[in-house]
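predicted structure and sequence below. I'll ask about it afterward.
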Amino acid sequence: MARRYRSALAEPAPVRWLLIAVTLSFLGVFLLLPLITVFAQALVQGLATYARALTDDDTLASIRLTLLTAAIAVPLNTLFGVAAAWAIAKFEFRGKNLLTTLIDLPFSVSPVISGMVFVLLFGSRGWFGPWLSEHDIKIVFALPGIVLATTFVTFPFVARELIPLMQAQGTDEEQAAMTLGAGGLRTFWHVTMPNIRWGLFYGVLLCNARAMGEFGAVSVVSGHIRGMTNTMPLQVEALYSDPGEYSAAFAVSSLLALLGFVTLMLKNFLEWRHGDELTALRGH
């Protein structure tokens, strides 16, 4: 039986090499070649031009705005994700399936559409536009609108990583802690959090990567004001549209690529050090 099982899985050498060649070719054409092109074009005019492009005032403003947006949106999504995962995995209540479905909503809605929703709500002609104008409150074409759009498109990431992990762990440990006299908050910090910390970090990592690279929703609500409401992806588009800033566009793109590379390395480190927990996270 074992021999027949191994023979069923064993492919002839030409088939294996063909599959490997197809896989490597696909990765080379659609992943490595674009990345090499980005860095080559970024450095084509030399390191001095590359450094000057990254230290331009508008580019520095876009970097600060991107980091600030991520610094606000990611903690908000972390709080929401932990609370939603705790509620869904540990309790039974009416509307649980609806809540789970709503968490997945940003995955099924185009980011551009979500940006348009915020414009319809908070724009000058939106539902709340007149009231906001009367009180001199700016949402759209300002930082609050960018944060709202980024938070919306990224809020499923933490919750979706934690829900299956918490469901797989069950509630036995929490119930035992409460039986021994621990309160809800103490149980969470000393029992639940140690069990989910690496899954939580994994979700935060993915959420942060998406927040810094978000383009569609932010593009709609930002107004594309250089030095004010352009995040790094929008700054790349603005520079690329200017014939004289072609190399600068690739320089900023290379910085985004480096951020993605760091995210990938951290992701692989987590999978290497905590593979069992992350496997359970994905497998349930």
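Structure received. Keep in mind it's a predicted model, so treat the numbers as computed, not measured.

give the contact list for Thr100.
Contacts for Thr100 (C-beta atoms under 8 Å, 6 or more residues apart in numbering) come out as Ile88, Ile163. (Each C-beta comes from the backbone N, C-alpha and C, glycine too.)

and if we set it to 10 Å?
Ala84, Ile88, Ala159, Arg160, Ile163 (C-beta atoms under 10 Å, 6 or more residues apart in numbering).

what is the nearest of those residues to Gly28?
Among these, Arg160 lies closest to Gly28 (C-beta to C-beta), at 30.7 Å.

hang on, the earlier thing: out of the contacts of Thr100, which are inside helices?
Ala84, Ile88, Ala159, Arg160, Ile163 (DSSP state H).

what is the burial count for the first one?
Burial of Ala84, expressed as a neighbour count using other C-beta atoms under 10 Å, amounts to 22.

quick one, what contacts it?
Asn77, Leu99, Thr100, Leu102, Ile103, Phe155, Pro156, Val158, Ala159, Arg160, Leu162, Ile163.

of those residues, which is the most crowded?
Val158 (30 neighbours).

ok, that one to Ile196 distance?
10 Å (C-beta to C-beta, to the nearest Å).

where do the contact lists of the two overlap?
By C-beta under 10 Å, 6+ apart, the residues touching both Val158 and Ile196 are Val82, Ala85, Tyr202, Gly203.

does the second one touch Val158 like I think?
Yes - under the criterion of C-beta atoms under 10 Å, Ala85 lies in contact with Val158, with a separation of 7.7 Å.

overlap in contacts of the two?
Jointly contacting Ala85 and Val158 under the rule C-beta under 10 Å, 6+ apart are Ile103, Gly199, Leu200, Gly203.

mind putting those residues in CSV, pLDDT and secondary structure included?
CSV is the format used below for those (pLDDT from 0 to 100; DSSP: H, G, I helix; E, B strand; the rest coil):
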residue, pLDDT, secondary structure
Ile103, 90, helix
Gly199, 83, helix
Leu200, 88, helix
Gly203, 89, helix
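
which one of those residues is nearest Leu60?
Gly203 (29.5 Å).

tell me how many other residues crowd the closest one.
If you count neighbours by other C-beta under 10 Å, Gly203 ends up with 27.

out of the ones in helices among the contacts of Thr100, the closest to Leu18 would be?
For the ones in helices among the contacts of Thr100, the nearest to Leu18 is Arg160 (35.5 Å; C-beta to C-beta).

for that closest one, which non-adjacent residue is closest in space?
In this structure, Arg160 finds its nearest non-sequential neighbour in Ile103, 6.8 Å apart by C-beta to C-beta, 6 or more residues apart in numbering.
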